[in-house]
Structure formats: structure tokens, C-alpha cells
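Student: Fold the following and give me the result.
(one chain, ligands or ions: 2)
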Amino acid sequence: MKILQSWNALLFVIFALSTVCFFMYYTARNSEILKTQRRSFTKEQAEKTIAPYEPSLRDAMTASRTVHCDEVTEIKYQVHAGGLSGKMKIDTGASQMNYWNDIGEVFPVNQSLTYMGKYTTKYNHLVDDAAVIHGPRDSNRVQRIAVIIPFRDRHSHLRIFLGHILPVLRRQGNTFSIFVVEQAGADTFNKGRLMNSGFKFARTVGNKLDMPFDCFIFQDVDTLIENDNLLYRCTKRGLIDHLSTSINKFGYNPLCCGMTVGGVLAMTPGIYELLNGFPNSFWGWGGEDDAFNARIKKKGLKIARPNAELGRFTMIHHGADSLNPHNGGRLPAVRKSTDALEDDGLTNLDTSVEEVWMYATFVKVRVNVGTPPK
Ligand code: UD2
Ligand code: MN
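Tutor: Residues are numbered from 1 along each chain as shown. Ligands and ions are numbered 1, 2, ... in the order given. Below is the predicted model:
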């Protein structure tokens, strides 16, 4: 009898243990399923987002594009099958894909472009060149994006930036052009004038190509997207998208960049025009972005921001540029800037395009922005 009892006890223990084990296994398995689902959800979501672009994305995934320039015969884009890739490795070292060397400098389009408003007739070289607009061209469903980069003497950054952004823009199925707007000469840097000049230039080129841009992304050359799930596009009608909301330099703290508009900012041309672009009157480092922010508030427009995870960016480490000294008067200037909103910006822009180069993957525009007041 005793033996029977201890057998019963043993069986009970075994039963209890296996129940516990099964329960643990079941929970673990479920959470594994959950994990997988979460993962595949992200992927599905990604695929859904790029669904309208599918045929051309497929092209992009398999294609190497032939660019009609003498020096360049072929550029190969590496695109991950399956679309977006989520968090990306940021390599700010020199080992980035060597787009810069691969592409070389392609013919200057015109040496003597004069005032921006008048140059269009001289622009026939650009008109049917496949190098200007990349990605799907086939339908009016796609958003055509102009990336505008203010630039001078940051070639190492530009090279890293291009190596980093081109696969992202491809992978995301975007239709895009990249305009590097370089300030000519050695006067103090004026980012606002470069933005306005780049905008006007790209707008004219887009119209000339009969492919007007629907979305402008104003982009610092040193600021690199970290999370490929963040689409490089204008997301919602009527809103301005501030993409770079959390930046390594500020410990990814959204309190830093979640209130500013520096780094990477996207909007439709209509909104940019409504804001009269950036003020032209800010010379040197600082203030032009805050003044732009003040314009947005003044016009009662809203800014959309991705969450801190999606909006992660790396700013390549850099020091101060000798030709971009701090603008000492920027704080009062920002405070006053909205008074002059209608008179200081696109409406009174008096810059001129000096030279234009076509590269296989971007257009470089060198602009004479004038000189700062003495
Ligand atoms: C902040 C802002 C930036 C801008 C600037 C003040 C963020 C995340 N960034 O960046 O958007 O408003 O302050 O003006 O808030 N550049 C050149 N050559 C030069 C100088 C500047 O190419 O000699 C270009 C380049 O694209 C650069 C950008 O201008 O990324 C902004 O200048 P910055 O990087 O020196 O400014 P930073 O990092 O303080
Ligand atoms: Mn910077």
C-alpha cells in the first residue's frame, strides 16, 4: 500500500512538472511567435508602404542603371530584396561605397549661367538626361523628391552622405533628385540663400523636365538617417516633416531637436513658397533655422515628427568652418525675422547660378549668393 502511495506521489510530481514545463514551453513559443509576428509586421508594413512602387522597386533591385555620360557607363545600386531594412549601420569612415570616385566629375552643363530667372532656355542639356531624376518615373502616383543640400568645402561629408543615402532612397522606392548647392567664393556662408537658390533651381528644372517635384527635402550634408523605416518623403498633406528629431550629437534626446527644424526638413513646394523660403539675411552660423521655425509658427503651420526611434540620425562629427563664423546678432534677428517674412526670402532672392555639373547621381549647382553687408 505504501509503495502504491509513493508511486502515486511520484506520478503526481511528474505530471505537475510536465504541466509546468509545457506551460513554460507554450509561453516561450507564443512569445517567439509574437516576436516573429512583430518582426514580420514591420516587414509587411514596409512592403505595404512600398506597394505602389513595386514594379519599379523590383527594377531598382535588379537594375544597374546606365547613365548617358561619357565618363560613366554604369552605376550599380545595391538594394536589399524585401524593401526597407530598419536600423542601419552608420559608417562615417572613408570606407563608404566609393560613389565619389566611381562617378567622377561629369561635364559642366553651362559655364555662364546668369540670373536664375533667365537661365531656363540654356538648360536643354538637362532636359532629357536620365541622371537628374532617379527611381520610378512611370506614374503620377509617385512623389517626386528634390533633396537640397547647402554646401561648401565639405567634400568628405558629401561623399559619406551620398554613399549612405543613395541606397536608402533606392530601397524606399523614391523618385528623387539630389541638388548640391555650393556657395561660390570665400565670403561668409549663407545657408538661407543656398536653400532658396536650390529650391528655385530645382523647381525650374523639374518643370522643364515636365516632372515637377512634389516634395523638397532640405538636408544638411552631415546628417545621416539611421532607421530606414523612416521614409524620405513628405508624409501628410499640409504638414511640414521634420525628420531628424533625435541626433547622436545630442544624445538622441528628442527635447533637443524636437523643437527645432535643423538637420533634415521636408515640405511641399507650396508650403515653402507660402513661407517665402528661408530668410536671406542670415550670414554665418546659426539663426536661419530658428527664423524658419518662426515663419512656420507665424503662418500657423504644423510640423510632423517621427518618434525618437524612427527619427534617429547621426551627424558626422565636425568642428567649426572658418568661413561660417557664429552670427552674433542672430537672436534679435530671429525675434524680428517674421516682420520681414514677405520681403526677405524667395521674393527678393538675388543670387545667380555660376556653374552646374551633372554627376551620375546628383546635380551640383554653384551659386553666387552675393556678399554680406559691411
Ligand atoms: C545646426 C543645425 C543646422 C543649421 C545650423 C545653424 C541641427 C540638427 N542642425 O547644425 O540645420 O541650422 O545649426 O546654421 O539642428 N555647410 C557647409 N559648409 C560650411 C558650413 C556649412 O557645407 O562651411 C552646410 C552643411 O550642409 C552643414 C550645414 O551647412 O551640414 C549646417 O552647418 P553646420 O553643420 O556647421 O551646423 P550645425 O552642425 O551646428
Ligand atoms: Mn553639422
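
Student: Contact partners for the closest residue to Thr347 other than its chain neighbours?
Tutor: Spatial nearest neighbour of Thr347, chain neighbours left out: Asn276 (5.7 Å); criterion: Cβ to Cβ, 6 or more residues apart in numbering. C-beta coordinates here come from the backbone N, C-alpha and C atoms, glycine included. Asn276 makes contact with 295, 341-342, 344-347 under the criterion Cβ atoms under 8 Å, 6 or more residues apart in numbering.

Student: Tell me who's in contact with whichever residue of the chain sits closest to ligand 1.
Tutor: Using Cβ to the nearest ligand atom, the single residue of the chain nearest to ligand 1 is Gly262, 2.2 Å away. Contact criterion Cβ under 8 Å, 6+ apart gives 220, 244, 289 as the residues in contact with Gly262.

Student: out of the residues you listed, who has the most neighbours?
Tutor: Ser244 (26 neighbours; other Cβ atoms under 10 Å).

Student: which residues in the stretch 251-374 of the chain form strands?
Tutor: 264-267, 302-304, 312-315, 352-358, 363-368 (DSSP state E, counting those that start in this stretch).

Student: Out of the ones you listed, which is closest to Gln5?
Tutor: Taking Cβ to Cβ as the measure, those were each checked against Gln5, and strand 312-315 came out nearest at 63.9 Å.

Student: hmm, who's touching that closest one?
Tutor: Where contact means Cβ under 8 Å, 6+ apart, the residues beyond strand 312-315 that reach it are 90, 92, 220, 222-227, 243-244, 246-249, 252, 263-264.

Student: And the pLDDT for Val142?
Tutor: Val142 is assigned a pLDDT of 70 by the prediction.

Student: Could you give the bridge partners of the closest residue to it other than its chain neighbours?
Tutor: Setting aside the residues directly before and after it, Val142 is nearest to Thr175 in space (Cβ to Cβ, 6+ apart), at 4.6 Å. Beta-bridge partners recorded for Thr175 (DSSP bridges): Arg144.

Student: Now for Thr175: which residues touch it?
Tutor: Thr175 makes contact with 133-137, 142-145 under the criterion Cβ under 8 Å, 6+ apart.

Student: Can you select the buried ones among these for me in ChimeraX?
Tutor: The ChimeraX command for the buried members of the contacts of Thr175 (criterion: 16 or more other Cβ atoms under 10 Å) is given here:
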select :133,134,135,136,142,143,144,145
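
Student: Would you mind giving the contacts of Thr175 as JSON lines with distance to Ser18 added?
Tutor: Formatted as JSON lines, the entries for those read as follows, by distance: Cβ to Cβ, whole Å:
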{"residue": "Ile133", "distance to Ser18": "64"}
{"residue": "His134", "distance to Ser18": "60"}
{"residue": "Gly135", "distance to Ser18": "57"}
{"residue": "Pro136", "distance to Ser18": "57"}
{"residue": "Arg137", "distance to Ser18": "62"}
{"residue": "Val142", "distance to Ser18": "57"}
{"residue": "Gln143", "distance to Ser18": "57"}
{"residue": "Arg144", "distance to Ser18": "62"}
{"residue": "Ile145", "distance to Ser18": "59"}
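
Student: out of the contacts of Thr175, who's near ligand 1?
Tutor: Among the contacts of Thr175, proximity to ligand 1 is found for none (Cβ under 6 Å from any ligand atom).

Student: what's the closest of the contacts of Thr175 to His318?
Tutor: The shortest gap between His318 and any of these belongs to Ile145, at 25.5 Å (Cβ to Cβ).

Student: Thought Leu231 was touching that closest one, still the case?
Tutor: No - using Cβ atoms under 8 Å as the test, Ile145 is too far from Leu231 to be in contact (10.0 Å).

Student: Quickly list what's touching both of the two.
Tutor: Overlap between the contact sets of Ile145 and Leu231, as judged by Cβ under 8 Å, 6+ apart, is given by Asn174.

Student: Show me where the stretch 101-250 of the chain has its helices.
Tutor: Under the criterion DSSP state H, counting those that start in this stretch, the stretch 101-250 of the chain contains helices at 124-127, 155-171, 191-208.

Student: can you list the residues of the stretch 1-150 of the chain near ligand 1?
Tutor: Those residues of the stretch 1-150 of the chain that sit near ligand 1, judged by Cβ under 6 Å from any ligand atom, are 149-150.

Student: Sketch out the low-pLDDT regions of the stretch 251-374 of the chain for me.
Tutor: By pLDDT under 70, the low-scoring segments of the stretch 251-374 of the chain are 358-360.

Student: at 50 what do you get?
Tutor: Residues of the stretch 251-374 of the chain meeting the criterion pLDDT under 50: none.

Student: Show me which residues of it are close to ligand 1?
Tutor: Neighbours of ligand 1 within the stretch 251-374 of the chain, by Cβ under 6 Å from any ligand atom: 257, 260, 262-263, 285-286, 288-289, 315, 321, 323-324.
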